[in-house]
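Trainee: Task: produce atomic coordinates for the following.
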Amino acid sequence: MNCEQANRLSLHEILLAMGMTCTKYNNKESWFLSPFRTERTASLKTNRLQNVWYDHGSGEGGNVIDFIKKLKNYDTTEALNYLRSTNTSNIFSFQKQGILTQSQNSNIIIKKLCQIQNPALKGYLKSRKININEALIYCKEIHYTEDDQKPFFGIGFKNDFDGFEFRNKYFKSCLINKNITTILNGSKTLCIFEGFTDFLSYRTLRLIDLKEDYVILNSTSLASRSITLLQNYNVIKTYLDNDDSGKKATLIIKENCNNEFQDCSNLYENYKDLNEYLIALEK
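Mentor: Numbering: from 1, shown residues only. Predicted coordinates for the structure are as follows:
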């Protein structure tokens, strides 16, 4: 990794991966409690169009390398070594966009984005028998308001259009934009899931950490969006639901797969989905 590559990593994602608290978030900017001082009102702003930061408390700012240098008191070489040694596989690369995708729910304002901390959300994950450590890697705690009504909070799973699948014990929805989620680890095996709870169930069930790439459809209606990725893999495995929509989506993927294809739903054939199977195993 050189400086150019490091500065293409999403600064917003890096701050979240470091456990910093985001108090405001939209397609253009995000605000964090500054790690450089103790504060209650966020003063560290990231410009998500330019992938740069500015600290209103100190008047300093810059790119990804500049942030790591200031935070860790490193020189450029040390900052690069830090980023190389940090697991950045789940950090989305920044891509400059002239026009941002219009939000599907433009009245939604994300007030806080942080690591999952709320006991109710951890309890929800426990009830679904999902390994909390896996959830902490791939999910965030989200607090948002809609139309200036009372705030909601839940678990957010990010997709490739900078939106979130949103879940709590009582409610599920999509915030901002709807799309599939791709998680790339440089593998020639691709595993496809219907929803993020199925993906996390798979991660919970695995006894060894195989190197695989993942696509989470976030809806069977988005199955066709995975088609362009299939040609990059030697093996395609699907873990979709055992219902009509899951079977139709599996067929769409199978018909567009030119290499080895495995329908893995037979592993949980007596259950609706992979998470239901996991819950039954844990009883």
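Trainee: Can you show me the helices along the stretch 51-200 of the chain?
Mentor: In the stretch 51-200 of the chain, the segments counted as helices under DSSP state H, counting those that start in this stretch are 64-72, 76-85, 119-127, 132-138, 196-205.
Trainee: May I see the buried residues of the shortest one?
Mentor: If I follow you right, that is helix 132-138. 134-136, 138 (16 or more other Cβ atoms under 10 Å). (Each C-beta comes from the backbone N, C-alpha and C, glycine too.)
Trainee: Equivalent analysis for stretch 13-25, please.
Mentor: Buried, per 16+ other Cβ under 10 Å, within stretch 13-25: 13-17, 20-23, 25.
Trainee: Stretch 142-157 now?
Mentor: 142-144, 152-157.
Trainee: What is the end-to-end distance of that stretch?
Mentor: 9 Å (Cα to Cα, to the nearest Å).
Trainee: what pLDDT, on average, does it get?
Mentor: Stretch 142-157 comes out with an average pLDDT of 82.
Trainee: And what about Tyr233, helix, strand or coil?
Mentor: Following DSSP: H, G, I helix; E, B strand; the rest coil, Tyr233 is assigned to coil.
Trainee: circling back: list the ones among the buried residues of stretch 142-157 that fall in strands.
Mentor: 142-144, 152-157 (DSSP state E).
Trainee: picking that back up, any idea which of the helices of the stretch 51-200 of the chain is most buried?
Mentor: Of all the helices of the stretch 51-200 of the chain, helix 196-205 has the most neighbours on average by mean count of other Cβ atoms under 10 Å, namely a mean of 23.
Trainee: so what's the nearest residue to Glu141 once chain neighbours are set aside up against?
Mentor: Counting by Cβ to Cβ, 6 or more residues apart in numbering, Ile116 is the residue found nearest to Glu141 once chain neighbours are left out, at 4.6 Å. Neighbouring residues of Ile116 by Cβ atoms under 8 Å, 6 or more residues apart in numbering: 122, 125, 132, 135-136, 139-141, 155.
Trainee: of the residues you listed, closest to Asp162?
Mentor: Lys140 (12.7 Å; Cβ to Cβ).
Trainee: Tell me how many other residues surround that closest one.
Mentor: Using other Cβ atoms under 10 Å, Lys140 has 21 other residues around it.
Trainee: Bridged to it, which residues?
Mentor: Gly156 (DSSP bridges).
Trainee: Strands along the stretch 1-150 of the chain, start to end?
Mentor: 22-25, 29-32, 44-47, 52-55, 60-62, 108-114, 139-146 (DSSP state E, counting those that start in this stretch).
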